[in-house]
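J.: need a structure here:
(chains A, B, C and D)
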Protein chains: 2
Amino acid sequence: MEPSGHLAEALRRAGYKLTAPRKAIVQVLEQEGKHLSSNEVLVLGRRIYPLLSRATVYRTLELLTNLGLIRPILLNDTAQRYVNGEGGHHHLVCSVCGAVFEFERCGIDRLAAELAERFDFRIRSHLLEFYGICRTCQTHA
Amino acid sequence: MEPSGHLAEALRRAGYKLTAPRKAIVQVLEQEGKHLSSNEVLVLGRRIYPLLSRATVYRTLELLTNLGLIRPILLNDTAQRYVNGEGGHHHLVCSVCGAVFEFERCGIDRLAAELAERFDFRIRSHLLEFYGICRTCQTHA
DNA sequence: TCATGTATTGAGACAATTTCTCATTTGGGT
DNA sequence: ACCCAAATGAGAAATTGTCTCAATACATGA
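T.: This next block holds a predicted model:
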């Protein structure tokens, strides 16, 4: 997800204690890359710190979200998922089968700058999703 | 949400039965505009068709989603919400307080066309969200 | 190094949301 | 009007998220 230690360091710098549960959660987020649900974070985190509780996972994910380090995302699941809070995420999502295709390069930097100014908003990341029907589901219809 | 009768007509055309529960749900979606959760659809729908069951709401929302007529969206809630399946939705979301600002005009039509061709994907709608810190939360920090 | 105060945690109850099952009903073509 | 597959309601069950509170552990200063 990010250079190792990045999240832990940011937590510490923001004045939060670097506890064992938090280290485990942060390590999972940094290692496992993408689109983790809170339950996945719990399960993976318990491999590192077996006592890890569900509540702490939710608490820490909320904390990291408020700090802008991760952000929630909806991904054809009912479960909340989280991705890196910086930079962009670009998806094509099939509304029939739920398949997700990713792409790079969206060219909205100019728009971002304009909005940041207009709304006096400090932009950290963006999500651009196109919703529609994938090739496979088009032919099966 | 759309010209009246639009959703009902689309259901019928797709070969689904136009039952009383479905009529109620569809009427709610068309009247109430934006960001309805499944529970809101249930409550409002029961004003029209009191027997309406929770399961049917979920089933119908999934059906409409698969047809591309509505799409799920994440909106600082834990509940799934649904919006019109066509066109674009553009938000600035504050990661601290959850405030959502909307804006029009995103200028990504060209990108959409390019991706549709590249992935052979039939695009029906898009979501563009910027994530960051709003003016108020910047000053409170 | 150690004691201290506070932030943090775990456990589990609780609440909200979503899914599933199955007997019953109903829309719409014949 | 009849028929039957599609659709429904009711409620159980599963999943996801929230809350409380006593116990614990981090980080600071001595």
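
J.: residue ranges of the strands in chain A, please?
T.: Applying DSSP state E to chain A gives strands spanning A:36-37, A:70-73, A:81-84, A:87-94, A:100-102, A:122-133.

J.: burial count for the closest residue to A:His6 other than its chain neighbours?
T.: In space, and not counting its chain neighbours, A:His6 is closest to A:Glu30: 6.8 Å by CB to CB, 6 or more residues apart in numbering or on different chains. (C-beta placed from N, C-alpha, C; glycine too.) Other residues near A:Glu30 number 17, with proximity taken as other CB atoms under 10 Å in any protein chain shown.

J.: and if you look at the one 3 residues further on?
T.: A:Gly33 sits with 11 neighbouring residues when counted by other CB under 10 Å.

J.: quickly note the distance from it to A:Cys106.
T.: According to CB to CB, to the nearest Å, A:Gly33 and A:Cys106 sit 20 Å apart.

J.: show me what the spatially most central residue of chain A is bridged to.
T.: Centroid-nearest residue in chain A, with CA atoms, centre = their mean: A:Val83, separated by 1.3 Å. Beta-bridge partners for A:Val83, by DSSP bridges, are A:Arg71.

J.: and it, what pLDDT?
T.: The per-residue pLDDT reported for A:Val83 equals 94.

J.: surely A:His90 touches A:Gly107?
T.: No - using CB atoms under 8 Å, A:His90 is not in contact with A:Gly107; the gap is 10.5 Å.

J.: now for A:Arg135: which residues touch it?
T.: Counting by CB atoms under 8 Å, 6 or more residues apart in numbering or on different chains, A:Arg135 touches B:119-121.

J.: circling back: quick check: the residue nearest to A:His6 touching A:Lys23?
T.: No - counting by CB under 8 Å, A:Lys23 is not a contact partner of A:Glu30; they are 10.4 Å apart.

J.: so who does A:Arg122 touch?
T.: Residues near A:Arg122 by CB under 8 Å, 6+ apart: A:116, B:132-133, B:138.

J.: try 6 Å
T.: B:132-133 (CB atoms under 6 Å, 6 or more residues apart in numbering or on different chains).

J.: distance check, it against A:His140.
T.: Applying CB to CB to A:Arg122 and A:His140 gives a distance of 44 Å.

J.: can you check A:Leu127 too?
T.: Counting by CB to CB, the gap from A:Leu127 to A:His140 is 28 Å.

J.: give me the more crowded residue out of the two.
T.: More crowded of A:Leu127 and A:His140, by other CB under 10 Å: A:Leu127, with 21 against 10.

J.: who's in contact with A:Arg22?
T.: Going by CB under 6 Å, 6+ apart, A:Arg22 touches A:Thr60.

J.: what parts of chain A come near DNA strand C?
T.: By CB under 7 Å from any atom of the strand, the part of chain A that sits against DNA strand C consists of A:16-17, A:19, A:21-22, A:49, A:51-56, A:59-60, A:78.

J.: among the residues you listed, name the buried ones.
T.: By neighbour count, with 16 or more other CB atoms under 10 Å in any protein chain shown, these hold A:21-22, A:49, A:52, A:56, A:60 as buried.

J.: just to revisit the earlier point, ok, so of the contacts of A:Arg135, who is nearest DNA strand D?
T.: Closest to DNA strand D out of these is B:Phe121 (26.4 Å), distances taken as CB to the nearest atom of the strand.

J.: burial check on that closest one, number of neighbours?
T.: B:Phe121, neighbours per other CB under 10 Å, totals 23.

J.: re earlier: switch the buried ones among the residues of chain A next to DNA strand C over to CSV; also include pLDDT and distance to A:Ala99.
T.: Shown next, in CSV, are those (pLDDT from 0 to 100; distance: CB to CB, whole Å):
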residue, pLDDT, distance to A:Ala99
A:Pro21, 98, 34
A:Arg22, 98, 34
A:Tyr49, 97, 34
A:Leu52, 97, 32
A:Thr56, 98, 33
A:Thr60, 98, 30
